[in-house]
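Asks: need the 3D shape of this:
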Amino acid sequence: MKVQNSFTQIKTDLISMLTGVVDLVYPPQCLICGRGLQRGEAEICMACLSNFKLLGKPHTQFSVPGKIYIKTAWPLFDFDPAFQTLIHHLKYSRRRKPVLRVLDNFRTEILTQLPAAGFDLVISIPLHPLKFRERGYNQVDDMSKWIAEQMGATLGNHFVKRSKYTQSQTKLSANERFENVHEAFKVRSKSEVSGKHILLVDDVLTTGATANALACVLHEGGATQIDLITLSTPQYGNP
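Replies: Numbers count the residues shown, from 1 in each chain. So this is what the prediction gives:
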C-alpha cells in the first residue's frame, strides 16, 4: 500500500511539473477572448465570465406545431457571440470544463430561478448512439449531473434513448425541425418516469422541437410534469 501511495504521489508530482512547464512555454489563454489567464483564473477569464448575460426569466415562445408538453423552460444565458464561442467549443472541441466554471460562477442565480420543490429526475436530451460515438460524449451530461447534485434529484439519463438518427436542426425551419425529431425518442422503462417531475437539459433552445419531442414520450410514459433548462437561447436576440 505504501509503495502504491508513493507511486501515486510521484505520478501526481510529475504531472504537476509537466503542466507547469507547458504553461510556461504555452501560457493558458481564455477560451473566449484569447487573453492570457491570470493566477486563479481557469479556462475563461473573469472579464469574459462577468460579461455573460444571464437572462433570469422563462422562455415563452415555442415555435412547435401541435401540443407543448413542456410546462416551463429556463434558458440561462443570451446566445451572444461570446456564448456561441463557448457552445461551439463544448460541442466540437471537447472542451467541457468551461461550462462547469460558468455554472459554478452563477450557481446562486441559476438555482434561484428553479422551483424550491426541485425535481424527481434530471435528464439530458440524449444523442443517437452514432452521434455519441462520433463526438465521444453528450455535451450536456456534465450540466445534468451538476443540476442533479445541486437540486438533490436523481440523474435519469439512462431512462431514455434516441432511437432515430436525425440531421442537424441548425438550418431547418420550425416545421422541418418538428418533422426531423418526430418519434426520435423512446422511454426505456415507463415505470421509472411515471409519476415523476422531470427536468430536461439541453445546450441551446431555439424552437423547442427537440425537447418537446422527448417531453411528449415522457408524458405518454406517465410523467406528471416536464420542464426544461438550457445553457442558452437566441430567443431574445442580439444584433
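Asks: so how far is residue 203 from the nearest residue to residue 220 once chain neighbours are set aside?
Replies: Leaving aside its sequence neighbours, residue 220 sits nearest to residue 187 (C-beta to C-beta, 6 or more residues apart in numbering; 7.7 Å). Where C-beta positions appear, they are placed from N, C-alpha and C, glycine not excepted. Noted for residue 187: a distance of 22 Å to residue 203, by C-beta to C-beta, to the nearest Å.
Asks: same deal with residue 63?
Replies: 18 Å.
Asks: so which of those two has more stuff around it?
Replies: Neighbours per residue (other C-beta atoms under 10 Å) separate residue 63 from residue 203, with residue 203 holding more: 18 against 14.
Asks: that one contacts residue 86, doesn't it?
Replies: No: counting by C-beta atoms under 8 Å, residue 203 sits too far from residue 86 to count as a contact (9.7 Å).
Asks: what sits in contact with each of those two?
Replies: Common neighbours of residue 203 and residue 86, counting by C-beta atoms under 8 Å, 6 or more residues apart in numbering, are residue 231.
Asks: remind me which helix or strand residue 122 belongs to.
Replies: strand 121-124 (DSSP states H and E).
Asks: next secondary structure after that strand?
Replies: helix 129-135.
Asks: export that following helix to CSV, keeping only CA atoms.
Replies: What follows is helix 129-135 as a C-alpha-only set of coordinates in CSV (Å, rounded to 0.1, in the frame of the first residue of the first chain):
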residue,chain,number,x,y,z
PRO,A,129,-25.5,6.2,-30.4
LEU,A,130,-23.8,7.0,-33.7
LYS,A,131,-23.6,10.7,-32.8
PHE,A,132,-22.4,9.8,-29.3
ARG,A,133,-19.5,7.6,-30.8
GLU,A,134,-18.6,10.4,-33.2
ARG,A,135,-18.5,13.1,-30.5
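Asks: contact partners of it?
Replies: Contacts of helix 129-135 (C-beta under 8 Å, 6+ apart): 91, 127, 138, 162, 165.
Asks: equivalent analysis for stretch 99-118, please.
Replies: Contacts of stretch 99-118 (C-beta under 8 Å, 6+ apart): 42-44, 49, 52, 54, 56, 74, 76-77, 86, 90, 142-143, 146, 150-153, 197, 199, 229, 231.
Asks: drop anything exposed from the residues you listed.
Replies: Among these, the ones that count as buried by 16 or more other C-beta atoms under 10 Å are 43-44, 49, 52, 74, 76-77, 86, 90, 142-143, 146, 150-151, 153, 197, 199, 229, 231.
Asks: show me where this protein has its strands.
Replies: For the chain, strands defined by DSSP state E occupy the ranges 73-78, 121-124, 154-155, 160-162, 185-187, 197-204, 225-233.
Asks: distance to residue 134 and mean pLDDT for these - can I get that in CSV?
Replies: Output for the strands of the chain, formatted as CSV (distance: least, C-beta to C-beta, whole Å; pLDDT from 0 to 100):
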stretch, distance to residue 134, mean pLDDT
strand 73-78, 26, 95
strand 121-124, 17, 98
strand 154-155, 23, 97
strand 160-162, 13, 92
strand 185-187, 19, 91
strand 197-204, 16, 97
strand 225-233, 21, 96
